[in-house]
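**Student:** Here is my input, please return the structure:
(chains A and B)
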Amino acid sequence: MTEVVSTTPGLFPLPDWAKDELADLKGRQKGGLVSGDESAEITDAYDRARREIVELQTDAGIDLPVEGQLRWDDMLTHPLSVADSVETRGIVRYFDNNNFYREPVVTDDLTATGDVAHELDAAGELTDDGLNAVLPGPYTLSQLATDEHYGDEAAFQSALADFLASEAEQFPEVETLFLLEPSLLESPPGDGADERASEAIDTVAQAADADVVTHTYWESHGGDGALDEKVYAHLLDADIDAVGFDFVANHEDNAYLVGEYGCTDDVALGIVDGQNTLVEEPDEIAERVEWTLANTPGTDFETAYATINTPTFYLPSGKFEEKLAALGAVERTEVKA
Amino acid sequence: MSDRPADNREQFRPAEHDNDHFLLTTVVGSYKKPKWLDHARDLLEDEDTNFGDEEWEEATDDAARLITEEHERSGLDVVVDGEMRRNEMVEYFAERIDGYEFNGRVKVWGHNYFNKPSVADEVEYGEQWLVDEFEFTDSVADRPVKVPITGPYTLASWTFNEAYEDDAALAYDLAELVNEEIEQLVDAGARYIQIDEPALATTPDDHAIVGECLERIVEDIPEDVRIGVHVCYGDYSRIYPEILDYPVDEVDLELTNGNYEQIDVFTDPEFTLDLALGVVDNHTAEVETVEEIKENIKQGFKVVPPEQLTISPDCGLKLLPREIAYQKMENMVQAAREIEAELDADEIDVPVAGETASADD
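**Tutor:** Numbers count the residues shown, from 1 in each chain, chains lettered A, B, ... in the order given. Have a look, this model is predicted:
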């Protein structure tokens, strides 16, 4: 019997009041964004917003709440934005979306900051449930950041993996760590790079004292829609507890992949659409969980994380809250695995 | 079949233009709203006041008059009203198109948000979009007026699509509506239309969709009407040279923000359209000096000769403090005029014309 656990990949939208208050405090230009040494007023606003969204998850019935990553102005590159030896330069497009982040340029040896650990400390005080920590995966981070120090792609990715591992080592006790790796689909690693991506993920996973989920999302560029088969096969070599799939973007190819190559002992099922305002009904979500578990033959997952497929900072707050409530309301007993 | 690029640039050269060379100076469109206009909007949205549609119209007329004049004072050859009546580049249109609904703000970057709409039903032409705006601006402006209009691909992409099978189907339906609007604008006298397609810089697979949209948009639009397309913030190598096939006269690009790292993308193959080059950064509050802007303008000569070069900011100036936005425009125009004079005096090498590039290019 598979245990279904509800959670999300984080990066929540700010509550509307916090959008206004923080814009007033920080301005709307590149210069005012989070750098790791925010003023007391800004910190206080984020603290209140964090409390609100942790309570929101508790009220919705989400099993594993996240901190929410409300401070991550630069989305997945946030851990670099607050690190020494990183310059944040012009704004650049975030994948293929109408979102932008400051280009992080690594100019010297990277050292961990404890910034994410600090956020998790704060979130831990707000809930009795275990936390789901969120970090960018090392491959995705290497695709989003620019290297002006390490010299080649392999060395850069390896340094980023060590950096993320050091961040993870500072975490307080958390149940799970979601390593977000959309770039495995968005710009799939080729021969050799696929194996290095897996090794880098392994480096971070080894350092984390938690169940590690490498969560992938969006559709593949130029591929069949799902993870490239070789990329997936290498990913399974990493010492991770679960792979996460975006079943909203592509359910059939992802199911095929799991059926063909097997999977980790646990799995994360992205079955709520974090990219659209159509709100799913709880029984619709339950059906999607059942479908995926029924259509991945040869698997017997211990835990299936039922999750929103992508981060949700790009949803209006109201629709985001409705989706969270729908996910939390899924009657786990009705999910027949 | 549309025959563009067409020879429609000279109509914008001011009669009193001093130099033989003419670098058409303009802006992308949006401009910082006067604070009192923001207050007026607050009043309009507050049901407890007696500030209604009539008062709002008077306020937006005043603002449009003011900013159009501000653009003219800076010396721009082609002006815009700063989009004083528009709240946002997708929202404004979505509010006027049947089939859209709104669910709240979403993040674009940092603390910049927009009220991203959802398409909940088939789109249909509702109330008119821009004809009144153009007629008013044209009536108060001494210089020619450009009309920026958000393109169908961006209107489709930056929308939550709940009604169409895919974004392409939605974009094609929207392209018909944009065509309808542009025909009305042309009938009203508009001679310079800029299709804003910032979403074009995103998905390489969608070039054909954007091209198909543009074909529908420019169908039956006379060639003396200048058609530009504005693109910003993306990896241009993914859309070049495909954009050269678009039925437009001019492509307007953001390049200052990235310090012209991507300029070489456009050198091969030959850039056959006019290039509207971003020469000031709309996301920094530091005003570029005339000398700095002149160097930026020279970057354009790597791609096109002066006859094909239009000078503009990277993107809309609406997020900058007004005095800074103004100073950027004024410096930009002065830089363009100085470059023209230096071109007249044969003091500048134009690499794209086959001349030897100077060492500092």
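**Student:** Now do the strands in the stretch 101-250 of chain B.
**Tutor:** For the stretch 101-250 of chain B, the strands defined by DSSP state E, counting those that start in this stretch cover B:106-109, B:112-114, B:117-125, B:147-150, B:160-161, B:192-196, B:226-231, B:250-253.
**Student:** need the helices for chain A, in chain order.
**Tutor:** A:16-26, A:40-60, A:78-81, A:115-124, A:138-144, A:153-169, A:183-186, A:193-207, A:229-235, A:251-261, A:282-294, A:317-328 (DSSP state H).
**Student:** Nearest to chain B: which residue in the stretch 51-200 of chain A?
**Tutor:** Among the residues of the stretch 51-200 of chain A, A:Phe100 lies closest to chain B, at 3.7 Å counting by CB to the nearest CB. Quick note: C-beta positions are derived from backbone N, CA and C, even for glycine.
**Student:** if we can go back for a sec, which of the strands of the stretch 101-250 of chain B comes out lowest on mean pLDDT?
**Tutor:** Mean pLDDT is lowest for strand B:112-114 among these, at a mean of 90.
**Student:** Go ahead and name everything in contact with that one.
**Tutor:** Outside strand B:112-114, the residues that touch it by CB atoms under 8 Å, 6 or more residues apart in numbering or on different chains are A:Lys19, A:Arg28, B:Glu88, B:Val90, B:Glu91, B:Arg105, B:Val106, B:Lys107, B:Val108, B:Trp158, B:Leu319.
**Student:** which of those has the weakest pLDDT?
**Tutor:** With pLDDT as the yardstick, A:Arg28 is the minimum among those, at 84.
**Student:** sec struct for the residue in the stretch 251-361 of chain B that chain A sits nearest to, please.
**Tutor:** Residue of the stretch 251-361 of chain B nearest chain A, by CB to the nearest CB: B:Asn257 (4.6 Å). Three-state call for B:Asn257 (DSSP: H, G, I helix; E, B strand; the rest coil): coil.
**Student:** ok, it to A:Arg102 distance?
**Tutor:** As judged by CB to CB, to the nearest Å, B:Asn257 and A:Arg102 stand 11 Å apart.
**Student:** Contacts only, for A:Ser81.
**Tutor:** Listed by CB under 8 Å, 6+ apart, the contact set of A:Ser81 reads A:Leu33, A:Val34, A:Ser35, A:Gly36, A:Asp73, A:Asp74, A:Thr88, A:Arg102, A:Pro104.
**Student:** Now do the same contact list for the spatially closest residue to it that is not a sequence neighbour.
**Tutor:** Leaving aside its chain neighbours, A:Ser81 sits nearest to A:Asp74 (4.7 Å; criterion: CB to CB, 6 or more residues apart in numbering or on different chains). Neighbouring residues of A:Asp74 by CB under 8 Å, 6+ apart: A:Leu33, A:Val34, A:Leu80, A:Ser81, A:Thr88, A:Tyr101, A:Arg102, A:Pro104.
**Student:** count of residues packed around the fifth one?
**Tutor:** Pointing back at A:Thr88 there. Neighbour count for A:Thr88, taken as other CB atoms under 10 Å in any protein chain shown: 21.
**Student:** My read is that it contacts A:Phe100, right?
**Tutor:** No - with contact defined as CB atoms under 8 Å, A:Thr88 does not count as touching A:Phe100 (11.9 Å).
**Student:** State the distance from whichever residue of chain A sits closest to chain B to B:Asn103.
**Tutor:** For chain A, the residue closest to chain B is A:Pro316, as judged by CB to the nearest CB, at 3.0 Å. A:Pro316 is 4 Å from B:Asn103, where distance means CB to CB.
**Student:** More neighbours: which of those two?
**Tutor:** Taking other CB under 10 Å, A:Pro316 and B:Asn103 do not tie; A:Pro316 has more neighbours (23 against 20).
**Student:** what's the closest non-adjacent residue to the more buried one?
**Tutor:** B:Gly104 (3.0 Å).
**Student:** ok, now which ones touch the one you found?
**Tutor:** For B:Gly104, the contact set (CB under 8 Å, 6+ apart) comprises A:Asp16, A:Pro316, A:Ser317, A:Gly318, A:Lys319, B:Asn115.
**Student:** Tell me, what's the model's pLDDT at the residue of the stretch 51-200 of chain A closest to chain B?
**Tutor:** 93.
**Student:** so what sits against both of A:Pro316 and B:Asn103?
**Tutor:** A:Thr277, B:Lys116.
**Student:** Check the contact between B:Met121 and B:Asp98; I expect there is one.
**Tutor:** For the record, residue B:121 is Asp, not Met. Yes - the pair B:Asp121 and B:Asp98 qualifies as a contact (CB under 8 Å) at a distance of 7.5 Å.
**Student:** what residues are up against the residue of the stretch 251-361 of chain B closest to chain A?
**Tutor:** A:Gly90, A:Ile91, B:Tyr233, B:Gly278, B:Asp281, B:His283, B:Asp314.
**Student:** remind me which residues of the stretch 201-350 of chain B are low pLDDT?
**Tutor:** Applying pLDDT under 70 to the stretch 201-350 of chain B flags the ranges B:204.
**Student:** The residue nearest to B:Leu24 when sequence neighbours are not counted bridge partners, please.
**Tutor:** When the adjacent residues along the chain are set aside, B:Leu24 lies closest to B:Thr310, with 4.4 Å between them (CB to CB, 6+ apart). Taking DSSP bridges as the rule, B:Thr310 bridges to B:Leu24, B:Ala276.
**Student:** so B:Thr310 makes contact with B:Val27?
**Tutor:** No - assessed by CB under 8 Å, B:Thr310 is found out of contact with B:Val27, at 10.7 Å.
**Student:** follow-up on the earlier one: output the strands of the stretch 101-250 of chain B in a markdown table; the columns should cover mean neighbour count.
**Tutor:** Formatted as a markdown table, those follow (neighbours: other CB atoms under 10 Å in any protein chain shown):
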| stretch | mean neighbour count |
| --- | --- |
| strand B:106-109 | 22 |
| strand B:112-114 | 17 |
| strand B:117-125 | 17 |
| strand B:147-150 | 24 |
| strand B:160-161 | 22 |
| strand B:192-196 | 26 |
| strand B:226-231 | 25 |
| strand B:250-253 | 27 |
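**Student:** where does chain A come near chain B, residue by residue?
**Tutor:** Residues of chain A found near chain B (CB under 8 Å from any CB of the partner chain) are A:13-14, A:16, A:19, A:22-23, A:26-33, A:73, A:90-94, A:96-101, A:275-278, A:313-319.
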